[in-house]
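Asks: what's the 3D shape of this:
(chains A and B)
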Amino acid sequence: MESMGRITPSALSTKDLPWQILWNKEKCTLCGGCTAVCPVRAIDLGVHRKRSLQVPVGLETKPGNLFAIYHGIDQRTDPAHACVGCGMCTMVCPNGAIAPLHSEGIDKLRFHVNQGGEPRRRGGRRNNPDSVLDKIKFIRISMLTDPALDAGRHEFELRTLLGRVLPPEEMLKVSRENGWMPPVREIYPLVIGSMSFGALSPNMWEGLQMGVAYLNEELGMPVRVCTGEGGCPPRLLKSRFLKYVILQIASGYFGWDEIIHSLPQMKEDPCAIEIKYGQGAKPGDGGLLMWYKVNKLIAAIRGVPQGISLPSPPTHQTKYSIEEAVAKMIQSMSMAWGFRVPVYPKISATSTAMAVLNNLTRNPYAAGLAIDGEDGGTGAAYNVSMDHMGHPIASNLRDAYLTLVKLGKQNEIPLFAGGGIGKNGNLAANAAALIMLGASGVQTGKYIMQAAAGCLGSEGDRCNVCNIGVCPKGITSQDPRLDRRLDPEQVAQRVVDLYLSFDTELKKIVAPLGRSTSLPIGMSDALGINDADAAERLNIKYVL
Amino acid sequence: MCRLFAVTSNDPLSPMMALNALNVMKEGHDGSGVGLFLTDLGGEFEKFKNEPILSGIFSNDGIKALDRFMIDLDFMVKYKLSFRPTKPTPSGTPKRDNYVIRVYEYPAEWEGLSQEEIQFRLMMVQLQLREMGEKDKSMLIFSFWPDVIMIKEVGDPLTVAEYLRLDRKELSARTILSQGRQNTNYSIDIYACHPFFIQGMSTMTNGENTAFVPIREFLMSRNFPGYAGYQSDSEVFTHILHYMQNKLGMGMEMYKHIITPLKDDELVRHPDGKMLRNLKQSCRPLIIDGPNCVIGCLPDKTMFMVQDSKKLRPGVVGGRPGIFAFSSEMCGLDAAIPERDINLDDQPMRYETVIIRRARQEIEKWNQWDALPHLH
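Replies: Numbers count the residues shown, from 1 in each chain, chains lettered A, B, ... in the order given. The predicted model follows:
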């Protein structure tokens, strides 16, 4: 223990930390489970000296002291070992003797997480529970003028399209002339957003893939999952399950040697190619896989040396303009699969998104646009990027849709929205709101990690250590000792559970609106919000 | 719910025949309005098969403005039938100055124009007049087309008919669409009254259109000036039909495939599944979600009825060679054509389109599962 005489500027007490460990001496068995499981080693076994006063009755014996020791827990207070509130200690404690509690005030740790001049980096989310999507209500209920449908018994077709859809006149002309018809995929409107092999543990990845395969092959739900920019295991590339996968290429081009070399052995085309230009969590910044997670397997798949950090550039280095970056890359990727696979860009939500969209409308190979809002999650980013950079998804998506409506191309370029969908648990409501604002479908990552694998992250800066490979649930670690905590079979089961429940909830939303035969894309007359400014901005009804 | 009645007959009929049938179904409508579409005209209008007829309601100022506008365009009135009711207005019906039906002679300079150009110009004249009238409420324009008369008014159908004396002998038609309700789900607006008309075709609908907004956005972004209005969510059914026929060059057999396409797994089993899948994808924003029964009339006077894919509204077709009727209720059909073989009545279901051609000989049925008659 440091002496009291050595207070440094960054010397903190447990009270200065966001999380305080409460420990109950009476219940503690001293098993050591909590100290072993703590991902950031925030607690140590401690030996405490205890003085008891001995005050006998009467005057014969003078009062004295009895010095004893007891064993227990010490909470560390240096910034590198501050408790992250994950609560794994509570989970492993046989007696419920320990738990982290969030401090009521504003912590002082935030002023000291830049030791050595290195700003805070973390994984997770924006840590802001506000959500415009949560405030949107579905107000057009079929009441007497038309019958509300039965969500449980009606037939529903709630699929969407991913791919460039030709306008009817052109489609007929191309059909007549036997011309090239852009590939279009009929998919489920909830896509598992891009989380890379590397960002996620092998067990998590396997669980997601198994869940997706089951949904497709056993339940007939055409669910798709995007790889993120870390490449794709060769076994999957050469399997029939590739058709359920959207391969992502990003500015680091990680894994693309392997993908290109696997082309001749591919039995199936991938569902689509997503070209990542930006990400909602850290817009204008490239992907980041910190060295902790670059083990032998990840290094092999990504084609890099082990144990080095992999910061992707913020942009595709060989391309210097939107025409270069978008048109040429889309064309190159389309050509690689013989123009049989839809290729679309993914950008961070930004006030400049309309310029990108306008450009895409003039590119006959652009198969859609994915827009990722500021509430998107990430495995690693600078805190400042996550907290302060980016554009909310709702208004950006709405602007994009209305831009397409003005051009008459709202059905030609499907918009996929991501970033904060289900951030407070309302996955179906948030997805339906975005669809009715004009999205053809939505992408979600964080909700999947929480529901399918038990990710501990919350909008209150809990855990968020995905970046350093110590995920206590084994979701984002690359350490086999941690990964084995996650059973891929159980992840797959949870993926299926969450999709089935999402499907029921989506029906429970659209059926009372009288919709069942097609996804209500752009059905903005069904939406209302009790915020007049938001209503005006989104061009929906203001309701009180 | 709205009540619909349409009749097609070899012999011209008074519109009262249709309105009486509507009256039989009165229990089912709230008497808030009436709309009539008359074509294949008889009576006085038989002589003017090729000249455009303007139908509308005008204030006295509106009539003057109309005359100035039409004279400037070099349209000359050839024949007119105006009602200037003198009786007190029925309850709920506004006081109007003039109900106008005028046959015009084409401007000399239109001679030699292509049929398509003439049809476009006629539509533009109708739209311009409507816009002029909207400013000061002096004109309400329902149609401007050869061999078509439209009458609309707020109020109980039969009372309005008596008030306007629609039983007059000058007024008769072989093909009549009639609808007995205003669009009471929204504010009363005479432009929301069915049937709707664009370039020779007309439809009327039973039920709310829950997919209205995306359909309207799609149509309005086609850059065709006629795709406007939309005081009623049912107007899009007419415009989808127009878009399909005039813009995509497709026949009536494709209407169901556009508004209620087969499901993805059904298309796998359809003989023309590949083409229909492409069509479904390209026309995705035009998919309706019911509950709707659509009755309409094409420029060649073919009448049809289709249902939404959930078949959530009633609709029956029956008759005998020479006369057939489409009704939203069986009692309407019974009242209109009692002497028919009811075993031949048909209630189209979710996959079906029912049509009666101008020869009026039989009920023709198509099913969406049928192979397409011709592929493009």
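
Asks: With adjacent residues omitted, what lies nearest to B:Leu4?
Replies: Of all residues not flanking B:Leu4 in the chain, B:Ser328 sits nearest, at 4.3 Å (C-beta to C-beta, 6 or more residues apart in numbering or on different chains). The C-beta positions use only the backbone N, C-alpha and C, and glycine is treated the same way.

Asks: Going along the chain, name the helices of the stretch 301-450 of chain A.
Replies: Along the stretch 301-450 of chain A, counting by DSSP state H, counting those that start in this stretch, helices occupy A:322, A:329-336, A:353-361, A:383-388, A:393-407, A:427-437, A:446-453.

Asks: Need these in JSON lines (columns: mean pLDDT and mean neighbour count).
Replies: Converted to JSON lines, the helices of the stretch 301-450 of chain A look like this (pLDDT from 0 to 100; neighbours: other C-beta atoms under 10 Å in any protein chain shown):
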{"stretch": "helix A:322", "mean pLDDT": "74", "mean neighbour count": "17"}
{"stretch": "helix A:329-336", "mean pLDDT": "94", "mean neighbour count": "18"}
{"stretch": "helix A:353-361", "mean pLDDT": "94", "mean neighbour count": "18"}
{"stretch": "helix A:383-388", "mean pLDDT": "94", "mean neighbour count": "18"}
{"stretch": "helix A:393-407", "mean pLDDT": "98", "mean neighbour count": "22"}
{"stretch": "helix A:427-437", "mean pLDDT": "98", "mean neighbour count": "26"}
{"stretch": "helix A:446-453", "mean pLDDT": "97", "mean neighbour count": "24"}
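
Asks: of those helices, which approaches chain B most closely?
Replies: Nearest to chain B, of all the helices of the stretch 301-450 of chain A, is helix A:393-407, at 5.0 Å by C-beta to the nearest C-beta.

Asks: quick one, what contacts the closest residue to A:Gly64 other than its chain neighbours?
Replies: Using C-beta to C-beta, 6+ apart and skipping residues adjacent in sequence, the residue nearest A:Gly64 is A:Gln54, 4.6 Å away. Applying C-beta atoms under 8 Å, 6 or more residues apart in numbering or on different chains to A:Gln54 gives the contacts A:Pro63, A:Gly64, A:Asn65, A:Leu66.

Asks: related to what we said a few turns ago, verify the stated contact: the residue nearest to B:Leu4 with B:Met25.
Replies: Yes: using C-beta atoms under 8 Å, B:Ser328 is in contact with B:Met25, at 6.8 Å.

Asks: quick one on the thing from earlier: where's the residue nearest to B:Leu4 relative to B:Gly207, distance?
Replies: Distance, B:Ser328 to B:Gly207, by C-beta to C-beta, to the nearest Å: 10 Å.

Asks: higher neighbour count, these two?
Replies: Neighbour totals were compared for B:Ser328 and B:Gly207, and B:Ser328 leads with 30 against 24 (other C-beta atoms under 10 Å in any protein chain shown).

Asks: Provide a list of residues in contact with that one.
Replies: So B:Ser328 contacts B:1-5, B:25, B:28, B:206, B:293, B:313-316 (C-beta under 8 Å, 6+ apart).

Asks: Around chain B, which positions in the stretch 401-544 of chain A sit nearby?
Replies: A:405-411, A:513-518, A:520-525 (C-beta under 8 Å from any C-beta of the partner chain).

Asks: shaky segments in chain B?
Replies: B:1, B:28-31, B:182-187, B:374-376 (pLDDT under 70).

Asks: Okay, and B:Asp289 sits in which element?
Replies: For B:Asp289, there is no host helix or strand (DSSP states H and E).

Asks: That one contacts A:Leu519, correct?
Replies: No: B:Asp289 lies out of contact with A:Leu519 (C-beta under 8 Å); the separation is 10.3 Å.

Asks: of those two, who's got more company?
Replies: B:Asp289 (28 against 25).

Asks: B:Met124 - how many residues pack around it?
Replies: Close neighbours of B:Met124, defined as other C-beta under 10 Å, add up to 13.

Asks: now swap in A:Leu208 and tell me
Replies: 23.

Asks: ok, now the one 4 residues further on?
Replies: A:Val212 has 24 neighbouring residues, counting by other C-beta under 10 Å.

Asks: thought it was touching A:Ile246?
Replies: No: under the criterion of C-beta under 8 Å, A:Val212 makes no contact with A:Ile246, lying 10.7 Å away.

Asks: Could you pull out the residues contacting both of the two?
Replies: Common contacts of A:Val212 and A:Ile246 (C-beta under 8 Å, 6+ apart): A:Arg224, A:Val225.

Asks: where does the stretch 251-400 of chain A dip in pLDDT?
Replies: Low-confidence segments of the stretch 251-400 of chain A (pLDDT under 70): none present.

Asks: all strands for it, in order.
Replies: Taking DSSP state E, counting those that start in this stretch as the test, the strands found in the stretch 251-400 of chain A are A:272-276, A:288-289, A:310-311, A:343-348, A:369-372, A:378-382.

Asks: is it possible to export those to JSON lines including mean neighbour count and distance to A:Arg481?
Replies: Below are the strands of the stretch 251-400 of chain A laid out as JSON lines (neighbours: other C-beta atoms under 10 Å in any protein chain shown; distance: least, C-beta to C-beta, whole Å):
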{"stretch": "strand A:272-276", "mean neighbour count": "26", "distance to A:Arg481": "31"}
{"stretch": "strand A:288-289", "mean neighbour count": "24", "distance to A:Arg481": "19"}
{"stretch": "strand A:310-311", "mean neighbour count": "20", "distance to A:Arg481": "22"}
{"stretch": "strand A:343-348", "mean neighbour count": "26", "distance to A:Arg481": "34"}
{"stretch": "strand A:369-372", "mean neighbour count": "29", "distance to A:Arg481": "33"}
{"stretch": "strand A:378-382", "mean neighbour count": "25", "distance to A:Arg481": "19"}
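
Asks: mind putting those in a markdown table, distance to chain B included?
Replies: Converted to a markdown table, the strands of the stretch 251-400 of chain A look like this (distance: least, C-beta to the nearest C-beta, whole Å):
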| stretch | distance to chain B |
| --- | --- |
| strand A:272-276 | 15 |
| strand A:288-289 | 38 |
| strand A:310-311 | 39 |
| strand A:343-348 | 16 |
| strand A:369-372 | 17 |
| strand A:378-382 | 33 |
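
Asks: Tell me which of those sits nearest to B:Leu66.
Replies: Among these, strand A:369-372 comes nearest to B:Leu66, with 48.9 Å by C-beta to C-beta.

Asks: hmm, back to that, most neighbours among the contacts of B:Ser328, which one is it?
Replies: Among the contacts of B:Ser328, the one with the most neighbours (other C-beta under 10 Å) is B:Leu4, at 33 neighbours.

Asks: Surely that one and B:Thr203 touch.
Replies: No: shown here, B:Leu4 and B:Thr203 do not form a contact pair, counting by C-beta under 8 Å, at 10.0 Å.

Asks: Show me whatever sits in contact with both of those two.
Replies: Common neighbours of B:Leu4 and B:Thr203 (C-beta under 8 Å, 6+ apart) are B:Leu177, B:His194, B:Ile295.
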